[in-house]
Every structure is written in structure tokens, then in C-alpha cells.
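coordinates only, no sequence provided:
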């Protein structure tokens, strides 16, 4: 009964829906998306705060990353060490971040995709800017602290970041049902934009872009669609087109060299290797013959990819080819999504800066409120000490006449003199009039005698004047928005002066890359394919001189144009296209290349049943037969498609094609013989097979028993000589079989 009482009966779909929504919101808010205020994801925020708490400052020695990761995981982020270390590494990589937040020591990976060394080998500490602009004032109650996962520690809900980090460093993250992709921007430009907005909160996106010109990627490059940036920054979504920077150098012997000195931001990592492979593929597939060598000479000094060109190469056309066919020109998808007021929101640049500025006013208000309260406490103590210096003899008399500190304090605060011994009644009357505050009385009781020296009293008066000035300043900042703005702007200008750097990414409107493909000289070639599937092409004259050997050694041999395509029909009902141009062209004894390498045909999974030049079958019909006895004719024109692989016929489950043959233009006396595994034969008129689309299954040619299937088909013409088929224990003469009707059982032999 107790167990039944604990059971909760509910709709399963409701539980699943609630659980999934909870999970999705957790990923969105607490893992994948940055907060618009500090531009940091929780793992980044916790890692930086932990480094700050451990005292790993920019002016102190490096500490092992394993220590930082372990401490962060144990105190704030219990989601595994790899995610913390990856976040730490990215914050230290200057080729990914416009403003690195961590100073890494050791192997922190490379722009070419090499991973960082294990955390036990690397060391790190905070960057100076991180300490000054991201973690300063945490002791001044500027942000709220919340309990950590096990409520044993407190962590900041958001860091008091004084610069718009979400724009400076950008962000990338994949949540549930949404993703963020914010490009990095130039530090100085963004600071200028924030200052301009504070002076004119009604400015629009176009006015803002006079300051923030566009993205500034750490890898440089060129943004080529400047005209589209206004729309992108107004809506927060769009596509930025970026190109690498290419220079032309004169090499030896009058040959030019293309030097790629900057790459698109999207090419960071494995895509550099892919770019090199893509360039090699362009040469191998004969898209270009202008490149004779490629080398990656990149180092710590920067990117340097060298393409050696042949003499007389068309450099402009080659650049157009590289932009069109490789990652040298790429697209950066912008989706400026971040968490604002606890919910994900896609924002343009103005709303993002508005959130940042509002956050700065909130930070300043809390900071100067805390400072004001401290100065007011200091003022109260200073006034008490100044007053005490004037009546110091009386205070000494009170202290000497008191039995304990409680009596002395009660006298200083409330004027109670009953139990205290005084030298005279006048002193008692004066003591009864004292009215120090609790804080002042405590300070007086703790005061050291050296404070009574004349110079010390002067210093106290001077400190009091400074305190009064600070109180007036802080009250003015808190009371006047303009005064607070001046303070924030002054701080921003100081950051800009110290940390701004020149823009790396150029921004322009560039015409779309143009590549004019050179016309291929069309000519006749001979194609040979041996029984192992190796194919090659050669000059027709070479083939004619070696015709006897070629015909003996080859499974397929034919003459066609070098611009033709070859059709490979397989038992799986697939049609693979192979370009003659993709086959190696050379001498008769050259080995050739497997057709698997120049088409999607896979000899380990399927069998080639019929192979022909596309141009020779487009005006004819092909006869298809399958193991289950399905037949049809298909017009050859249906196979003239642009895809490299398409279905040549539709098959039932478990069925396969066993026969494909070209039909003569006019059927006159042609017959089709079907032979089954169990010895059933049926001969029918070829004209009895109807024409169908390639997407049709066809019609039944023979009725087979449940366990039987066709193994062979033979197309006989009226004037064929005697043709036989092997079937144990004897041969079957196909020409003598009686012509039957389609969709019958046939005869047993």
C-alpha cells in the first residue's frame, strides 16, 4: 500500500514535454548562450572568476591550467574538465578572440587546427585588460552573488565588465533549437560607438556604423559585401562574405607566385588543410593547369601559403577560380543572439550597446553608492577623532576613571558618568555632555597615542577635507546622469588609449569573383576498361596500332568524344555517370585509374551490368530484367541527367537487376528467354515487354515459384545462329524453345 501511495499517475507526454523544456532552457540560459551584459558564457565567467579568486593576476607568476580547471570544476562548474579547459584555451587564442582574456604559457594550439597540450603541461594567468575591465570592483557590491551548485560558495551572476565584450570578442554557441554567431569587432571602434551612443541615445544603426565599420576578424581578410552590413547590423542576422588576402610575387624565370597572407576567419583550423586539398583537387581534375606547386609556409609570424604558377598563367582568372571553388572566399553567418533579461533575444547592434550602457549605469550606481557609504562612515569617524582631540584631556580622565571599556564607551556615547571617578565635578559635568556615536566611540577607544602628535592631527584634518570632497563628488555622480556619463566615458577612453589596435579586416564592396573556364579542345579518344575496372583513354591512332592487344585485354573498348559521359548501370538499380575527361589520358601501356575513383560506383558493393556512352543510348531503348522476373523497356533519353548518381530503375525489396541490354530501333522477330534457378525457361516476344518510365517497377515476365528466381536472360534476334544455355544435366537450345506468353510459368528443362 505504501508503494502505491507514492505512485504519481500522469500523462507521459506531459512529463516528456516539461522535462524537455526544462532541459532546453537550461542549455540556452546556463550553458550555450552569452549574457548580453558581459558577453560571457557561464563556463567562461566561472573560469575567469576562479582565476581572480586564486590570485592568478597578470603581474604574478603563471599557474598550471590543471589547477585552474580543477578548482573551477570543484567550486562552480561541475560539468567535466574538458569543457572548462576548452573555454580557457579559446580565451587565450589570439587568432580566435579579438581581445584575449587569458595569458597562456605553453602550447595553446595553432591557427592550423593543432590542439592545445594537456592541461597538466600548460600554464595561464589573467591578462591585464581582464583584471582592469572585467573583474575590477567585485569588492564594491556592483553585481549580485548567487550560491554555487552545492551552496557552499558564492559566484557572481554576471561579471562587472566595463567594455562591450559581446561585440569585441563575439560569440559562438549551439543551444537547443537556436544558435548564436556574433563576429568579433575592433576594440577602439566599439568604444567610440559606445561613447557616441551615450552622448546621443537616439542614434540609428547607420549613424552607429560611422564608428563601428563592421567586423574585425583576428585573421584579417576582406569583407566584400559592405552594402549589406547595414541590414545585418540593424536586424542582427545575415551573411558576411569574407575573402583571404592574396598578393602576387615575381618568382624565378618570369614565373608568378600567389601568396595568401590572410585567410577568412572561417578557415581557422582544419579548413586550412581542406583548402590545400581543394587546390590539389583543382589541379588533379584539370580545372586549372596554372598551378605547378603549393606549399604552406605559415609560422608564428603569420599565414603564408604559396602557390607556384606556370609561366604565362592568368592570375586574375586563377584568383576567381580559387574564390569560387575553395574556402578562400567564404560566408560568416551572423545571428546576434544573446541572453537579455533572462531570455534569449536576437538583437541588432544598437540594442546590444543599449543593454551594455544600461549595465554600465547600474554598475556605476552600485559602485558609487558603496563608495559613498564608506566615505560617510570615514567622515563620521574623522569628525569624532577631531572632536576627541579638542577634549583629549577629558577623554583620558574618563578612561582612567572607568573600571571597564563598557563604562567608558557608555559615557562617550550617552554621557553616563555615575560609576566613573573624576578629578572634579566640572569634569563630570563636561563628560555628561559628550554625545559621540557608537562608531566614533569605538574609533576613540582604539586610537593610538601617536595620533595626538601635531602633524598627525594636521594629517587627520587634511584627510577629512579629502573625504568631504569625495562625498561631494560621489553625491554629484549619483544625483546627475551627466556626471556619471563623464566618469564612464573617461574610463572608456583610458581603456581605448591603452588597448586599442589598428583594424585588421578591410571592408569594401567587391564585385563577385569571375572565373572563365577554358574551352576544352573536343576530339575523339579511345576508352579502355579492363576486367579489374581500371579505365584509361588514349589517342585513337594509338588504339588502332594496338587494337588486337587492346581488344584481348579489355572488357570494354569504344571510341567516343573526350567531352562525353559514360553510363555505368549496376545490379542495385543505380546509374553512375563518369566523365571521359576524368580518365587519365596517356600511352597504351599506362595502368589507368579504377572507375570507383572517378565516379560514385563502388565495386565492393555492386556489379556493373551494362556500360555505354550516354550519347549512344539517348535515342534508343534499354531492356531491363530483374531476379524476380520484372521486365520493362526504358527510353535512353531518360538517363540524360546531370547528377553523378541516380536510380536507373525501381526495385522491390530484395530484388536486383540481372539483365540490361540495348534494343534495336525496330523490333522484328526479337525474342527474350528467361532462365530460372530451378530450371524454368520461358521465351516471349521482345515486343511484349511494354515501355515504362525509369521510376516504374515494370511488368511481370514469368510466374516463379516462391523459392525460385531468375538467373539469366537472353535476347535473341530472328537471324541468330543456334544459341544454347547450360543447365545440368544437359544444354538447352534457346532458339528451339516454343514462344510463349508473358506472365506464364514457362517450361522445365
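Nice, I can see it. Since the structure is predicted, the reported quantities are computational estimates derived from the model, not experimental observations. Residues are numbered from 1 along each chain as shown.

how about the strands of the stretch 201-350 of the chain, start to end?
Listed in chain order, the strands of the stretch 201-350 of the chain (DSSP state E, counting those that start in this stretch) span 222-223, 237-243, 245-250, 256-262, 291-296, 305-309, 329-335, 337-340, 343-346.

how about low-confidence regions in the protein?
Applying pLDDT under 70 to the chain flags the ranges 1-5, 451-452, 454-455, 515, 517-519.

which of the strands of the stretch 201-350 of the chain sits closest to residue 17?
Evaluated over the strands of the stretch 201-350 of the chain, closeness to residue 17 peaks at strand 343-346, with 19.1 Å, by C-beta to C-beta. Every C-beta, even on glycine, is put in place using the N, C-alpha and C of the backbone.

any buried residues in that closest one, and which?
Within strand 343-346, the residues scored as buried using 16 or more other C-beta atoms under 10 Å are 344, 345, 346.

surely the last one and residue 340 touch.
To tie it back to what came earlier, the one meant is residue 346. No: Residue 346 lies out of contact with residue 340 (C-beta atoms under 8 Å); the separation is 9.9 Å.

just say helix, strand or coil for the residue positioned nearest the centre of the chain.
What sits nearest the mean C-alpha location of the chain, by C-alpha atoms, centre = their mean, is residue 172, with 6.4 Å. Following DSSP: H, G, I helix; E, B strand; the rest coil, the label given to residue 172 is strand.

what sits against it?
Taking C-beta atoms under 8 Å, 6 or more residues apart in numbering as the contact definition, residue 172 lies against 180, 181, 182.

ok so, going back, among the strands of the stretch 201-350 of the chain, which is nearest residue 609?
Nearest to residue 609, of all those, is strand 291-296, at 39.4 Å by C-beta to C-beta.

once you drop chain neighbours, what's closest to residue 72?
Leaving aside its sequence neighbours, residue 72 sits nearest to residue 50 (C-beta to C-beta, 6 or more residues apart in numbering; 4.3 Å).

show me what the helix or strand encompassing the one you found is in contact with.
Assigned by DSSP states H and E, residue 50 falls within helix 42-53. Helix 42-53 has contacts (C-beta under 8 Å, 6+ apart) with 30-31, 34-35, 38, 40, 68, 71-72, 75-77, 79, 83-84, 87-88, 91, 101-102, 124-126, 130-131, 134-135, 138, 155-156, 158-159.

same thing with stretch 282-290?
291, 309-310, 313-314, 317-318, 321, 325-326, 517, 581-582.

can you show me the helices along the stretch 551-700 of the chain?
Assigned by DSSP state H, counting those that start in this stretch, the helices in the stretch 551-700 of the chain fall at 614-617.

and for the stretch 301-450 of the chain?
Shown for the stretch 301-450 of the chain, the helices assigned by DSSP H, counting those that start in this stretch span residues 315-325, 349-390, 392-401, 405-414, 425-432, 438-446.

what comes into contact with the first one?
If you take C-beta under 8 Å, 6+ apart as the criterion, helix 315-325 is touched by 243, 246, 248, 256, 258, 278-279, 282, 287-288, 290-291, 309, 328-329, 513-516.

show me which of the residues you listed are buried.
Buried among those (16+ other C-beta under 10 Å): 243, 246, 256, 258, 279, 282, 287-288, 290-291, 309, 328-329, 513, 515.

residue 66 contacts residue 123, correct?
No: using C-beta under 8 Å, residue 66 is not in contact with residue 123, being 9.5 Å away.
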